[in-house]
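> Provide a 3D model corresponding to the input given below.
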Amino acid sequence: MIYFSNQIHVTRRQEYEPANLECIWLEIENRTCKYYLCCIYRPPNADASFWTKLSWSLDKVGESSSKIIIVGDINVDLLNTPQTHIIREIVSNSNLVNNIHVPTRISNNTRTLLDPVFTSADIQVHDSGVLEIDPAFSDHKATYIALASNINYNRAYERKVWDYKSGDFDRLNSLIQNCDWDKYINDADNIDAATDNFSNKFLSCVRQSFCEKTITIRPRDKPWMDSILRKTLRLRNRLRNKALRTKKDSDWAEFKKVRNTFNNMKKYAIANYYDSIEMHRVDANKNNNKLYWKLMKDAFNVKSSNDIPPLQITTDNGKNSLAFSDQDKIEALNSYFSSISCIDDKNHSLPQIYSSCSDNLSNIIIDEQEVVDIISIIPVNKARSRLHQSQNA
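Now for the predicted structure:
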C-alpha cells in the first residue's frame with residue numbers, strides 16, 4: 001500500500017508487476033523526467049524466482065526511465081550479505097545505490113538491515129535515515145529519503161467557494177448577533193477546542209446565509225482563458241485530428257473555420273484582459289497596496305509557495321528526527337517558541353535602559369471621535385499590525 005499526495009500526478013504501472021511478486025510500481029510525473037517508485041516485499045521463504053522476476057521488472061522499467069526508487073522489506077540483511085549474493089548483482093546491473101546504512105530491525109540477539117531504499121545513482125538524495133515507530137505496529141523501523149525535485153503540482157483541482165453575490169448578509173448578521181458565543185468558547189476544555197467550536201459555529205451561520213458552489217482551478221491556464229474559450233479550443237483540436245485522419249477537404253474547411261473563430265476569440269480575450277489590468281492599475285494608484293502587488297504577481301507570473309522543508313526536531317529521549325507533515329511542523333515550531341517563555345528568570349535582574357531622548361509626553365488625551373476617525377480610514381480588507389496602527393495614529 002502506498003499513500004501519495006493528491007497534488008502529485010501518479011499512475012500505477014501494472015505492466016511492470018509480474019505475477020506472484022508482491023510489488024507496486026508507480027509512475028510519478030516530473031517537469032523534466034519521470035520517477036518510477038516500487039514498493040516491494042519478499043517473504044522470508046521466497047525461492048530464487050523472486051530475484052528473477054525483480055530483475056525482469058527493473059529491466060523493463062529501465063527502458064522507460066533512469067529514475068528508479070525501490071522501498072520495502074526484502075528480508076535480506078544488507079549489513080552481512082556477501083558480495084556474491086544475487087541482490088548485489090541486481091543492484092549493480094540496474095545502477096542502484098542503497099541510502100540506508102543502519103539496522104532497521106533490532107531484536108535482543110540481532111541487528112539487521114532488511115528495509116533498504118534503493119535509488120538510481122543519478123538521483124540526488126538530500127537526506128535519508130530511519131525513524132522510530134511504535135513496536136505495536138511493527139518491529140521494523142521506518143525508512144525515509146528526501147529528494148529535491150520539481151514535481152508538477154499544476155493539475156486542475158476543485159474547491160468550494162461562497163457565492164457572495166446571492167448571499168443574505170442581513171440573515172448572517174442576525175445569526176451572529178443572536179448567537180451565544182460565550183457558550184461555545186467558555187465551555188471548551190482548552191484553546192484548541194474553543195477555536196474549533198467558534199469556527200464550526202461561525203461557518204454554520206455562513207452556510208445558512210450563503211450558497212456554496214464548486215469551481216475548478218486550473219493553475220496552468222492563461223489568465224484570459226475562460227470556459228467558452230476552452231470549449232472552442234477543444235472543438236478545434238477535435239476537428240484538426242479528424243481532418244488529419246480523414247484528409248477530406250470538407251473536414252479541413254470545417255477545422256479552419258473553427259480555428260479562425262478561436263483565434264479571434266483569443267485576441268479579443270487577451271485585449272480585454274490587459275484593458276482590465278489598466279483599469280485596476282488606476283485603482284491601485286489610490287493607495288491600494290494589495291491590488292498593486294496582485295497585479296505585479298499576475299503580470300510577471302509569480303507563483304508563491306507556502307511549503308517549508310522538513311524540520312529537524314529533538315524527541316523526549318534526546319534523539320533527532322524530522323518533521324515532514326504540516327501538523328508536525330506546526331507542533332515543532334510551536335514547541336520551540338513557547339519554550340522561550342519557560343526560561344528560568346529567577347534571580348535575574350532586568351538591564352537598566354537609559355532614555356535616548358530628554359523630552360517626553362506627560363499626558364496623552366484622546367477623545368472618542370479621534371478613535372472613530374482613525375478607524376474609519378483603516379482599510380478593512382487588509383490585516384494591520386499593532387505597530388502599523390500606532391504609526392498611523
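> per the record, what domains does this structure have?
The chain resolves into domains spanning 10-147, 157-217, 311-340 when parsed by automatic domain parsing.
> reformat these as a markdown table; add mean pLDDT, distance to residue 348 and mean neighbour count.
All C-beta atoms are positioned from the backbone trio N, CA, C, and that covers glycine. Formatted as a markdown table, the domains of the chain follow (pLDDT from 0 to 100; distance: least, C-beta to C-beta, whole Å; neighbours: other C-beta atoms under 10 Å):
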| stretch | mean pLDDT | distance to residue 348 | mean neighbour count |
| --- | --- | --- | --- |
| domain 10-147 | 90 | 37 | 15 |
| domain 157-217 | 89 | 29 | 12 |
| domain 311-340 | 81 | 15 | 12 |
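> nearest to residue 257, of those?
domain 157-217 (28.3 Å; C-beta to C-beta).
> in JSON lines: the domains of the chain, plus distance to residue 238.
Output for these, formatted as JSON lines (distance: least, C-beta to C-beta, whole Å):
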{"stretch": "domain 10-147", "distance to residue 238": "24"}
{"stretch": "domain 157-217", "distance to residue 238": "20"}
{"stretch": "domain 311-340", "distance to residue 238": "42"}
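> and those domains: which comes nearest residue 366?
Nearest to residue 366, of the domains of the chain and by C-beta to C-beta, is domain 157-217 at 28.4 Å.
> and that closest one, end to end?
End-to-end distance for domain 157-217, by C-alpha to C-alpha, to the nearest Å: 5 Å.
> centre of the chain to that domain, how far?
Centroid separation between domain 157-217 and its chain, computed with C-alpha atoms, centre = their mean, to the nearest Å, is 25 Å.
> end-to-end on stretch 349-363?
For stretch 349-363, the end-to-end distance is 29 Å (C-alpha to C-alpha).
> buried sites along it?
Of the residues in stretch 349-363, none count as buried by neighbour count, 16 or more other C-beta atoms under 10 Å.
> cool, stretch 242-253 as well?
243, 251-252.
> can I get those in CSV with secondary structure and pLDDT?
What follows is those, written out as CSV (DSSP: H, G, I helix; E, B strand; the rest coil; pLDDT from 0 to 100):
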residue, secondary structure, pLDDT
243, helix, 92
251, helix, 92
252, helix, 94
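> now do the SS call for the closest residue to residue 23 other than its chain neighbours.
In space, and not counting its chain neighbours, residue 23 is closest to residue 40: 4.1 Å by C-beta to C-beta, 6 or more residues apart in numbering. Secondary structure, DSSP: H, G, I helix; E, B strand; the rest coil: residue 40 is strand.
> let me see the contact set for residue 40.
For residue 40, the contacting residues are 21-24, 54, 70-74, by C-beta atoms under 8 Å, 6 or more residues apart in numbering.
> now, which of those residues sits nearest residue 297?
residue 71 (38.1 Å).
> pretty sure the closest one contacts residue 143?
Yes - if you go by C-beta atoms under 8 Å, residue 71 and residue 143 touch, sitting 6.8 Å apart.
> intersection of neighbour lists for these two?
115, 117.
> may I have the secondary structure class of residue 161?
strand.
> same question, residue 201
Per three-state DSSP, residue 201 ends up helix.
> ok, now which ones touch the closest residue to it other than its chain neighbours?
Excluding the flanking residues, the one nearest residue 201 by C-beta to C-beta, 6+ apart is residue 184, at 5.2 Å. Contacts for residue 184 (C-beta under 8 Å, 6+ apart) come out as 194, 197-198, 201.
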